[in-house]
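Q: Provided below are the primary sequence and the corresponding predicted coordinates.
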Amino acid sequence: QLQLVESGGGLVQAGGSLRLSCAASRRGFSFNSMGWYRQAPGKQRELVARIISGGTTNYADSVKGRFTISRDSANNTLFLQMNSLKSEDTGVYYCNIVGHVPAGWGPLNEYWGQGTQVTVSS
């Protein structure tokens, strides 16, 4: 199986930056997508950004030009660089991987981290 651990959340003023990290517990998995979702109080979880196998990236319209998703495949880590933060970016950010564990022959599953809180004060 695969465990995901997020870090990097916190309290920041509007206009500031944060960098989230998501560390996967093991090597040897392949992914269909790796991404970040967020859930604000009273709202549904929504996609923030993701990387599709092959390298294509998708971003929510609300974060385009401000957030950048990237990964360090050597260290099994996913990142989300968040700049020019706004109060509406506040929420719990979750790392998500849809993939095969082990790579190549394991079942296709979806994995979630426990979430990291991001609070942007205006």
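A: All right, it came through fine.

Q: use CA for all of it now, contacts and neighbours both
A: Will do.

Q: how much space between the residue nearest to M34 when sequence neighbours are not counted and G42?
A: Leaving out its chain neighbours, the residue that sits closest to M34 by C-alpha to C-alpha, 6 or more residues apart in numbering is I97, at 4.5 Å. Going from I97 to G42 by C-alpha to C-alpha, to the nearest Å gives 24 Å.

Q: Could you check which of those two is surrounded by more residues?
A: I97 (24 against 6; other C-alpha atoms under 10 Å).

Q: Return the per-residue confidence for that one.
A: I97 is assigned 96 on the pLDDT scale.

Q: Checking my notes, it in a strand, right?
A: Yes: I97: assigned to a strand according to DSSP: H, G, I helix; E, B strand; the rest coil.

Q: quick one: contacts for it?
A: Shown in contact with I97 (C-alpha atoms under 8 Å, 6 or more residues apart in numbering): 31-35, 110-112.

Q: Now neighbour count and distance to R66 too, for the residues you listed, in CSV please.
A: Formatted as CSV, those follow (neighbours: other C-alpha atoms under 10 Å; distance: C-alpha to C-alpha, whole Å):
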residue, neighbour count, distance to R66
F31, 19, 25
N32, 15, 24
S33, 18, 21
M34, 22, 19
G35, 26, 16
E110, 15, 27
Y111, 16, 26
W112, 18, 24
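
Q: show me where pLDDT drops low in this structure?
A: Across the chain, nothing is flagged by pLDDT under 70.

Q: Tell me where it has strands.
A: 4-7, 10-13, 18-24, 30-39, 46-52, 57-59, 67-72, 77-82, 91-100, 108-112, 116-121 (DSSP state E).

Q: Tell me which of the ones you listed sits most buried.
A: Of all the strands of the chain, strand 91-100 has the most neighbours on average by mean count of other C-alpha atoms under 10 Å, namely a mean of 23.

Q: Starting from it, tell me which strands it pairs with and how they run.
A: For strand 91-100, the paired strands and their directions (DSSP bridges) read strand 30-39 (antiparallel), strand 108-112 (antiparallel), strand 116-121 (antiparallel).

Q: could you measure the residue lying farthest from the centre of the chain against S122, distance?
A: What lies farthest from the middle of the chain is W105; by C-alpha atoms, centre = their mean that is 24.8 Å. Counting by C-alpha to C-alpha, the separation of W105 from S122 is 48 Å.
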